[in-house]
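Participant: Just need the structure, nothing else, for what follows:
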Amino acid sequence: MTKLSVNVNKIATLRNARGGNNPNVLQTALDCERFGADGITVHPRPDERHITNNDVYELAKNVKTEFNIEGFPDDRFLKIIKETKPAQATLVPDAPDVITSNAGWDTIKNQSMLVDIVAELKTYGCRVSLFIAPDLALIEAAASTGADRIELYTEAYATGFEKDKHFAIKNYVEAAKFAKQLGLGINAGHDLDLNNLSFLKASIPYLDEVSIGHALVCDAIYLGLENTIQLYKRALKEVITPQQ
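Facilitator: Okay, the predicted model is just below:
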């Protein structure tokens, strides 16, 4: 079964636009769980422009499904992981000023740093995943860091899906097969939505988890949060063949 982890960053963005606590990030996360989400994801950035440090600590105390914290592994991030002990820490090579994650790790260039950080995170009892492009050399280097999983950066797949989905998925299928052979678990995220999710899942049936925020929250405006989560769950179970 491929798990659906709901990224609630956009809920925090909406709240922060007016101040106060509406919408309530914690309550939304708990509702997502109640509606069928298998996990909750947050990406706390240094400027706290959406998820705040306080949000992370409150969620850590209350989330009953898998809690996944994404971010660049600076001292601030490592302290958060040490103190909250989420089920999963997903390392992303984000510069502080980027709007959203826009690149995967160069695991060859950053090998030494990542080996040390992965080892430290594992002492906190959490699974470690590396955000990465579907590049075989980088995935091989990711396995050498000691990470448990990779998260395939799916922007290129999502961008190319409407034009030629079979071409768009090709590198991801090869990357996932290679990662599986190396013993890595496989997550995926970025720009996944109700249009492209089922084909991704059909093409990579052993996908462990998808993390989806922006598209899911946008869909919830029109369809309602509970219905939207069920539609995404259904998309992960839909029986189609990669040839369709």
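
Participant: All the strands of the protein, residue numbers only.
Facilitator: Listed in chain order, the strands of the chain (DSSP state E) span 3-7, 39-42, 66-71, 88-91, 127-132, 149-153, 185-189, 209-212.

Participant: just for the chain, where's the confidence low?
Facilitator: Applying pLDDT under 70 to the chain flags the ranges 95-102, 239-244.

Participant: May I ask you to name the longest helix in this structure?
Facilitator: In the chain, ranked by residue count with DSSP state H as the criterion, the top helix is helix 155-181.

Participant: Next, the angle strand 149-153 makes with that one.
Facilitator: 160 degrees (axes from the mean of the first three to the mean of the last three C-alpha atoms, to 10 degrees).

Participant: Kindly spell out which helices and strands sit in contact with helix 155-181.
Facilitator: If you count contacts as 3 or more C-beta pairs under 8 Å, 6 or more residues apart in numbering; DSSP states H and E, helix 155-181 packs onto helix 136-144, strand 149-153, strand 185-189, helix 197-203. Backbone N, C-alpha and C define where each C-beta goes, glycine included.

Participant: ok, Ala142 touching Trp105?
Facilitator: Yes. Applying C-beta atoms under 8 Å, one finds Ala142 in contact with Trp105, separated by 7.2 Å.

Participant: Please enumerate the shared neighbours of those two.
Facilitator: Taking C-beta atoms under 8 Å, 6 or more residues apart in numbering as the criterion, Ala142 and Trp105 both touch Leu114, Leu130, Ile132.

Participant: Out of those, the closest to Cys32 would be?
Facilitator: Relative to Cys32, the closest of the shared contacts of Ala142 and Trp105 is Leu130; by C-beta to C-beta it sits at 24.8 Å.

Participant: Identify the residue spatially nearest to the residue nearest the centre of the chain, adjacent ones excluded.
Facilitator: Centrality entry for the chain: nearest residue to the mean C-alpha point is Ser211, 3.7 Å, by C-alpha atoms, centre = their mean. Take Ser211 and drop its neighbours on the chain: the residue closest to it by C-beta to C-beta, 6 or more residues apart in numbering is Gly189, 3.9 Å away.

Participant: For that neighbour, the count of nearby residues, please.
Facilitator: Neighbour count for Gly189, taken as other C-beta atoms under 10 Å: 25.

Participant: Also Asp116?
Facilitator: A count of nearby residues for Asp116, using other C-beta under 10 Å, gives 13.

Participant: got it, and Asn62?
Facilitator: That count, for Asn62 with other C-beta under 10 Å as the rule, works out to 14.

Participant: My understanding was that it contacts Leu30; is that so?
Facilitator: Yes. Asn62 is in contact with Leu30 according to C-beta under 8 Å; the separation is 6.5 Å.

Participant: mind checking the end-to-end distance for stretch 70-81?
Facilitator: Chord length of stretch 70-81, first to last residue, is 10 Å (C-alpha to C-alpha, to the nearest Å).

Participant: Check the offset of it from the chain's centre.
Facilitator: Offset of stretch 70-81 from its chain centre (C-alpha atoms, centre = their mean, to the nearest Å): 16 Å.

Participant: Nearest spatial neighbour of Val42, chain-adjacent residues omitted?
Facilitator: Once flanking residues are discounted, Val42 sits nearest to Ile51: 4.6 Å by C-beta to C-beta, 6+ apart.

Participant: go on, Leu197?
Facilitator: Distances taken as C-beta to C-beta, 6+ apart put Ala235 closest to Leu197, at 4.4 Å, once the chain neighbours are dropped.

Participant: Might one say that that neighbour is in contact with Phe199?
Facilitator: No. Look at Ala235 against Phe199 with C-beta under 8 Å: they stay out of range, at 9.4 Å.

Participant: My read is that Ser5 contacts Asp38, right?
Facilitator: Yes. Counting by C-beta under 8 Å, Ser5 touches Asp38, with 6.4 Å between them.
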